[in-house]
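Asks: I would like to see how this sequence folds:
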Amino acid sequence: MGKSKAEDYLSGDKETGKPTAGAGNPLAAGGYEDKERQLIRILEGHAGGVNAVALAADAKTVVSGSSDKTVKLWDAGTGKLIRTLEGHGRTVYAVTLAADGKTVVSGSKDKTIKLWDAGTGKLIRTLEGHRSTVYAVVLATDAKTVVSGSSDKTVKLWDAGTGKLIRPLEGHGNAVTAVALSEDGKTIVSGNEDKTVKLWEVGTGNLIRTLEGHEDAVRAVALLPDGKTVFSGSWDYTVKLWDVSEWTQR
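Replies: Numbers count the residues shown, from 1 in each chain. Below is the predicted model of the structure:
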């Protein structure tokens, strides 16, 4: 399977993971610097490009995933490294943290999703089933369900407690690069390189609706807590807001 657009953008230099001009990153051409803004602190320690960050609900912990194959937990208040989670065999593209801060979830180019104990750094379990890079992960509010998106064109729903696959959601025409889950755990939103956003019913796996309008790959999605509005960000330089209440509030 060839490189997806997302992988081409994120991969950068093969040795360092740093962005290159070939990776389509404008920062590679010299970068932008805004000296007027006040930098609070820099978290240093990764040996490759940082592809994903997540912040704990209490804003005390930051989690990062890198091309150096590691996940790192940082103290947001001091910037100090708390611990490094090692176990992935290739670049880490996605990270998220449970609402209670006890579990870290990561997705990687090694095709796996890993669940980690944030308190000890120990690997809880590995979820296997994707056939290609895992670009997106999200953990349900109750920490019982994991949702993942992959360049194998699927969204997968997992039981976080057992690691078993609940069901695959199929229908996208290209790499799934973003996923979100409603606060009530009933609706999944996925963004894709096929330029679409899809809504799925968690209980059945059925496709609820396809949102079309972007002119390039969709790289980010978010859902308001009430489940009525979806936000999507695309390489077409736009963020779109969608009213989905007609389909999600049944």
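Asks: okay, CA-based contacts and neighbour counts for the rest of this
Replies: Will do.
Asks: Three-state assignment for the spatially most central residue of the chain, please.
Replies: Centrality entry for the chain: nearest residue to the mean C-alpha point is residue 136, 3.0 Å, by C-alpha atoms, centre = their mean. Classification of residue 136 using DSSP: H, G, I helix; E, B strand; the rest coil returns strand.
Asks: before we move on, what about residue 247?
Replies: Recorded secondary structure, residue 247: helix (three-state DSSP).
Asks: which residues touch it?
Replies: By C-alpha atoms under 8 Å, 6 or more residues apart in numbering, the contact list for residue 247 reads 208-209.
Asks: for residue 235, same thing?
Replies: By C-alpha under 8 Å, 6+ apart, the neighbours of residue 235 are 215-219.
Asks: circling back to that earlier point, distance of the residue nearest to the centre of the chain relative to residue 191?
Replies: Going from residue 136 to residue 191 by C-alpha to C-alpha, to the nearest Å gives 10 Å.
Asks: equivalent analysis for residue 66, please.
Replies: According to C-alpha to C-alpha, residue 66 stands 22 Å off from residue 191.
Asks: the two: which is more packed in?
Replies: The neighbour count for residue 66 versus residue 191, taken as other C-alpha atoms under 10 Å, is higher for residue 191 (31 against 24).
Asks: how close does the nearest residue in space to residue 151 that is not next to it in sequence get to residue 93?
Replies: Closest residue to residue 151 apart from its sequence neighbours, by C-alpha to C-alpha, 6 or more residues apart in numbering: residue 175 at 3.7 Å. With the distance defined as C-alpha to C-alpha, residue 175 ends up 13 Å from residue 93.
Asks: one step back: quick check: the residue nearest to the centre of the chain touching residue 105?
Replies: No: using C-alpha atoms under 8 Å, residue 136 is not in contact with residue 105; the gap is 10.1 Å.
Asks: joint contacts of these two?
Replies: Residues touching both residue 136 and residue 105 (C-alpha under 8 Å, 6+ apart) are residue 95.
Asks: rewinding a little: mind checking which of the contacts of residue 235 are buried?
Replies: Buried members of the contacts of residue 235, counted by 16 or more other C-alpha atoms under 10 Å: 216-219.
Asks: alright, that wraps it up for me.
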